[in-house]
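[1] Got a predicted structure here, sequence first:
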Amino acid sequence: MLKINNLSKTFYPNSPEEQRIFSDFDLNIERNICTTIIGPNGCGKSTLFNLITGNIPSDAGTIILDGKDISKLPEEERSKDIGKVSQDPSKGVANNLTILENMAISMKKGEDFTLRSLLKNVDEEYIVKKLQEVNLGLENKLTTKVKYLSGGQKQTLALIMAAMKKPKLLLLDEHTAALDPRTSRIIMEKTQDLIHKEKITTIQISHNLRYVIEFSERIIMLQKGKVVLDVMANEITEEELTRLYNENIEKESLNENL
C-alpha cells in the first residue's frame, strides 16, 4: 500500500552541522492495518512523516502510495490522499471557526471554495451523524468556536476531520501526547474505533509503549534512521518491548559518548 524505497535525507549537508537521518531506507506498509513507529528522539520518526507528506523534500528515493509515485508531488497534492493529526490539539483545526465550519471545510478538502458558499450547501445532517459516532456531544455544539473546546475535544475533532474523506493513509504524530492520561486513553479508543470502522491504513508515532501494544497491529522501532525491530503487536509483550526499547536508548547513548 505504502512503499518507500531507497529514501535518503540529510540536513545541512557539507557543513559542521550535517545530520544524516536516512540513507537508502526501505519500508512497506500493508493496507488497512495500524502500524506504530517507536524509537528515541532523533531516530527519524517525525522526519519520516514529513517526507511522506512532502513537508520536507527527500534527497533521493521513491514514495509510492497505493501504486502512485508521490515522491515529487507538492505537499498540497499529497494531502488529498494523506490525513494527518499532530501532537498539538490546535494544529489540526481552525480555532476561530465553529465546529460546523471546521467540519464543512474538511468535507471539501482539496477543492476550491469560499466559506460563505460552502456553508450554504453544507450537509449538516451528515456532519451531525459523523460527530455522533464519537459520542462526545460535539454534535450539540455546532455553532461553538473551536477555541472554546477542551484539548481532547479539539483532538477528536481534528481526527474526525482528518479521516472525513477517508484518506488512503492517516498519519498520527503522537496525537495524544499533550493530553492527560484519562483523555489520552479515550482518544486512543476513539481512534481505534474510527480507523477500524473506516478501514483506513494508519501509521502512528508513540512513546507510550502500553498503548503501542494495545492499539497497534504492527510495531516498528527505529534507531538512527534504520529499522531495528519489526514485529506484530500480538507477538511481543509490553515487558519485552520495554526492555528492547530501553536497550536501544542505552546503545544510542553509549555510541554518542564514544
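    Structure's in. What do you need?

[2] Now do the closest residue in space to residue 95 that isn't next to it in sequence against residue 96, distance only.
    Leaving aside its sequence neighbours, residue 95 sits nearest to residue 147 (Cβ to Cβ, 6 or more residues apart in numbering; 4.0 Å). In short, each C-beta sits where N, CA and C put it, glycine included. Using Cβ to Cβ, to the nearest Å, we find residue 147 at a distance of 6 Å from residue 96.

[3] So which of the two has more stuff around it?
    residue 147 (12 against 9; other Cβ atoms under 10 Å).

[4] how about low-confidence regions in the stretch 151-258 of the chain?
    Residues of the stretch 151-258 of the chain meeting the criterion pLDDT under 70: 252-258.

[5] picking up where we left off before, how about the residue nearest to residue 95, phi and psi?
    phi -60, psi -20 (degrees, to the nearest 10).

[6] The residue lying closest to residue 59 once chain neighbours are set aside: neighbour count?
    Distance criterion Cβ to Cβ, 6+ apart; nearest residue to residue 59, sequence neighbours excluded, is residue 8 at 4.6 Å. Look at residue 8: counted by other Cβ under 10 Å, it has 16 neighbours.

[7] Need the three-state assignment for residue 8.
    Secondary structure assignment for residue 8 (DSSP: H, G, I helix; E, B strand; the rest coil): strand.

[8] Which stretches in the stretch 151-258 of the chain count as strands?
    Taking DSSP state E, counting those that start in this stretch as the test, the strands found in the stretch 151-258 of the chain are 169-173, 202-205, 218-223, 226-232.

[9] show me what contacts the closest residue to residue 94 other than its chain neighbours?
    What sits nearest to residue 94 in space, not counting adjacent residues and going by Cβ to Cβ, 6+ apart, is residue 102, at 5.6 Å. Residue 102 is in contact with 93-94, 146, 157, 161, counting by Cβ atoms under 8 Å, 6 or more residues apart in numbering.

[10] Kindly report the same for residue 231.
    Residue 231 neighbours (Cβ under 8 Å, 6+ apart): 218-219.
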